[in-house]
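K.L.:
whatever this is, show me its structure:
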Amino acid sequence: MQVVIHAGAHMTDEDRLIACLRDNAEALAPRGTHVPEPESYRRLLRDLMRTAQKTALPENARDTVMAATGTPEDTARLVLDNHGFFGTPKMSIGGARFYPAAEARLACLDEIFAPDGIGLFIGLRNPATLLPALLPDTPFSTVTELLRGDDPVHLRWSEMIARIRTALPDIPVTVWCNEDTPLIWSQILRAMAGVEDGVPLAGEFALLSEIMTPAGYQRFTVYMQGRPGLTEAQKARVVAAFLDKFADEAAIEEELDVPEWDAGMIATLSALYDEDVAEIAQMDGVRLIQP
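P.N.:
I've put the predicted structure just below:
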C-alpha cells in the first residue's frame with residue numbers, strides 16, 4: 001500500500017485539499033484510493049507519535065490506524081492529511097529552520113506504516129507572507145518573537161527538505177508553491193489521489209473562483225463544460241487565457257503589515273524564496289509541481 005502524507009504546511013490550503021479529495025472519495029475507491037475522514041486519524045496519529053517519543057510504538061499501531069480509518073484490506077493508496085503532522089504553528093519555526101521536528105515525526109510515521117511505501121506531500125509558502133499569517137495561532141504577538149531572535153533571511157524550505165531526504169532517502173517528496181495552488185489545483189489533486197491525467201475530479205477548478213472575477217469564472221465554467229476531454233496541457237492554456245482577461249487583482253495581491261519589516265525586507269525574503277524554490281526543483285527525490 002502507498003501512504004500519502006500531506007503535512008501542510010500551515011497556512012496553505014487550510015484543509016481544502018483533503019475536503020476536495022473527500023468529495024471524490026466514492027469515485028476514487030474503485031481505483032484503490034481510500035480517503036478517510038481526518039477526524040478518524042489525526043488525534044490517533046498524534047497520540048501514537050507522542051507515545052513513540054516517550055517509550056515505543058505499540059506493535060499494533062498500523063492495525064489500529066487501519067481499523068480507525070476503515071481502510072479496506074485491498075486498498076492500494078491511503079491518503080492522510082494534517083497540517084500538524086510536523087508540529088503546531090508555534091513549532092513550525094525554530095533555530096532559523098522550518099519544522100525542526102519534521103524528519104523525526106516523519107520517521108515515526110514511516111515506522112507505523114513499515115510494510116507500506118510513504119510519500120510526503122507539502123505545500124510551501126513565501127516566508128514574507130507565511131510568518132505573519134502564523135502569528136494568530138501562536139502565543140506570540142510579533143514576528144520577531146516567533147523567530148526567537150533569528151534572522152528570517154536564513155529560513156530555507158530546501159534545508160528542511162534536505163534534512164528529510166537525508167534522514168529518510170526512501171521517501172519521495174512532492175512539493176508546490178502555495179502561491180501557484182489555484183493554477184495547479186487539479187495537478188495536486190491527481191498526484192495525491194494517484195490517478196492519471198484525464199480522470200475527472202469534482203472541484204478541480206474550485207480555487208480559480210478565488211482569483212477570478214465572478215463574471216469571468218462563470219464564463220470559464222460554461223466554456224469548460226462545453227469542452228470535455230481536454231488534456232491537462234490544454235486545460236492549463238485555457239486557465240491562463242481566462243486569467244489574463246478576468247483575473248481579480250484585488251484578490252491576488254496580498255497586503256502585509258509587519259511593523260518590524262520595511263519594503264526591502266519583504267522584497268529580500270521574496271527573492272530568496274524564489275531562489276530556494278529553484279534549488280528545490282533540482283533536488284534528487286523531489287518533485288516540484290508548477291504551472
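K.L.:
state the number of residues packed around the closest residue to T144 other than its chain neighbours.
P.N.:
Distances taken as CB to CB, 6 or more residues apart in numbering put E260 closest to T144, at 5.3 Å, once the chain neighbours are dropped. Placement of C-beta: from N, CA and C, glycine included. Neighbour count for E260, taken as other CB atoms under 10 Å: 12.
K.L.:
now name the helix or strand holding E260.
P.N.:
If you go by DSSP states H and E, E260 is not part of any helix or strand.
K.L.:
I figured it hits E145, correct?
P.N.:
No: using CB atoms under 8 Å, E260 is not in contact with E145; the gap is 9.8 Å.
K.L.:
name the residues that touch the helix or strand bottoming out on mean pLDDT in the chain?
P.N.:
Taking mean pLDDT, DSSP states H and E as the measure, the chain has helix 249-252 as its least confident helix or strand, at a mean of 80. Helix 249-252 has contacts (CB atoms under 8 Å, 6 or more residues apart in numbering) with E210, I211.
K.L.:
cutoff 10 Å now
P.N.:
Residues outside helix 249-252 that contact it (CB atoms under 10 Å, 6 or more residues apart in numbering): E179, P182, S209, E210, I211, M212, T213, L243.
K.L.:
spatially, which two of those are the most separated?
P.N.:
Maximum pairwise distance among those (CB to CB): 19.3 Å, between E179 and T213.
K.L.:
which SSE is T144 in?
P.N.:
T144 is part of helix 143-146 when elements are defined by DSSP H and E.
K.L.:
hang on, the earlier thing: who wins on neighbours among the contacts of helix 249-252?
P.N.:
Using other CB under 10 Å as the neighbour criterion, M212 leads the contacts of helix 249-252 with 25 neighbours.
K.L.:
so who does that one touch?
P.N.:
Listed by CB under 10 Å, 6+ apart, the contact set of M212 reads 182, 205, 218-221, 239, 242-243, 245-248, 251-252.
K.L.:
helix, strand or coil for I5?
P.N.:
For I5, the assignment made with DSSP: H, G, I helix; E, B strand; the rest coil gives strand.
K.L.:
returning to that earlier point: please save the CA atoms from the least confident helix or strand of the chain in CSV.
P.N.:
This file holds the C-alpha atoms of helix 249-252, laid out as CSV (Å, rounded to 0.1, in the frame of the first residue of the first chain):
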residue,chain,number,x,y,z
GLU,A,249,-6.2,41.8,-9.0
ALA,A,250,-7.5,42.7,-5.6
ALA,A,251,-7.7,39.0,-4.6
ILE,A,252,-4.3,38.2,-5.9
